[in-house]
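# pasting the structure only:
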Ligand SMILES: CC(C)c1onc(-c2c(Cl)cccc2Cl)c1COc1ccc(-c2ccc3c(C(=O)O)c[nH]c3c2)cc1
């Protein structure tokens with residue numbers, strides 16, 4: 001049974017998840033009609049930069065996050081940004097893009113200078129996430145849980161992060177039982193996606209290296225969060 005506190009926590013997380021979105025004028029840029037590799041890379045860089053800002057604002061709304069050690073706050077954001085962006089961009093694939101422009105984001109990602117060896121696992125992940133048909137509560141809670149992962153590199157006070165992550169895991173488990181009563185393993189499957197996300201973070205580091213080898217430039221915010229340049 002979901003307690004009053006757990007209902008309140010879910011409400012705070014879902015409202016923060018809904019409030020912080022990529023501005024429509026940035027998202028609409030996906031629809032413009034240049035499709036060169038260069039153009040796609042620039043567009044995706046702009047989307048990622050905007051998405052990082054959204055993730056930072058969402059994270060600051062997670063109850064207790066701002067009371068963590070400041071260096072740990074940075075370590076959590078740096079360690080989880082790519083995973084949070086995979087989760088968020090996956091939702092874009094699952095919902096219809098405006099005026100039937102489906103698959104635009106996919107097309108630009110496939111043609112942005114990412115080698116096939118990374119494209120395959122990336123889109124396998126997207127397919128597996130879309131296939132879960134996650135509710136908004138599950139998406140928001142799973143994103144918060146990913147950000148509050150205690151064993152990110154350079155996190156000093158693991159316990160303080162665990163204390164924030166555990167209540168999220170408890171309420172996510174109950175939400176999954178309520179919203180997918182016919183799938184008792186649904187919660188376990190969601191957590192399994194977090195394991196797959198870890199491998200994508202590893203691939204992503206190699207994607208960054210290969211982009212840099214071809215002299216691709218990132219924005220200052222991305223350089224800071226991904227320790228490049
Ligand atoms: C620096 C660039 C080239 C990069 O490096 N790695 C990745 C990258 C890739 Cl290629 C895949 C996964 C994760 C990352 Cl970081 C990227 C591009 O990252 C993103 C991040 C996020 C969106 C994204 C989010 C939301 C929405 C949205 C809505 O909410 O309505 C509407 N349009 C959206 C677009 C797109 C691209």
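Nice, thanks for sending it over. Keep in mind that what you see is a predicted model, and the values were worked out from it rather than measured. Residues are numbered from 1 along each chain as shown.
# Quick check: residues of the chain near the ligand?
Contact residues (CB under 6 Å from any ligand atom) of the chain with the ligand: 21-22, 27, 30, 41, 44-45, 47-48, 51, 82, 85-86, 88-89, 92, 105, 109, 112, 218, 222. C-betas here are computed from N, CA, C, even on glycine.
# Okay, and which of those residues map to helices?
27, 41, 44-45, 47-48, 51, 82, 85-86, 88-89, 92, 105, 109, 222 (DSSP state H).
# Flag the least confident of these.
The lowest pLDDT within those belongs to residue 92, with 86.
# From residue 188, how far off is that residue?
In this view, residue 92 and residue 188 are 25 Å apart by CB to CB, to the nearest Å.
# Centre-most residue in this structure?
Nearest residue to the geometric centre of the chain (CA atoms, centre = their mean): residue 84, 1.7 Å.
# That one against residue 56, yeah?
No. If you go by CB atoms under 8 Å, residue 84 and residue 56 don't touch, sitting 9.9 Å apart.
# which helices and strands does the one helix or strand residue 16 maps to pack with?
Counting by DSSP states H and E, the element that carries residue 16 is helix 4-19. Here helix 4-19 touches helix 37-60, helix 136-147, helix 158-179, going by 3 or more CB pairs under 8 Å, 6 or more residues apart in numbering; DSSP states H and E.
# Provide the contact partners of stretch 168-186 at residue level.
Stretch 168-186 has contacts (CB atoms under 8 Å, 6 or more residues apart in numbering) with 1-2, 6, 9-10, 13, 132, 135, 137-138, 141-142, 144-145, 148, 187, 189-190.
# what about that stretch, distance to the chain center?
Remark: stretch 168-186 is offset 20 Å from the chain centroid, using CA atoms, centre = their mean, to the nearest Å.
# List the buried residues in it.
The neighbour-count check on stretch 168-186 (16 or more other CB atoms under 10 Å) flags 168-169, 171-173, 175-176, 180, 186 as buried.
# Pick out whichever of those sits closest to residue 227.
Nearest to residue 227, judged by CB to CB, of the buried residues of stretch 168-186 is residue 168 at 26.8 Å.
# ok and the lengthiest helix in the chain relative to helix 158-179, angle-wise?
The residue-count maximum for a helix in the chain (DSSP H) belongs to helix 186-213. Here the directions of helix 186-213 and helix 158-179 differ by 120 degrees (axes from the mean of the first three to the mean of the last three CA atoms, to 10 degrees).
# tell me which residues in helix 186-213 are buried?
Buried residues in helix 186-213 (16+ other CB under 10 Å): 186-187, 190, 193, 197, 200, 203-204, 207-208, 211.
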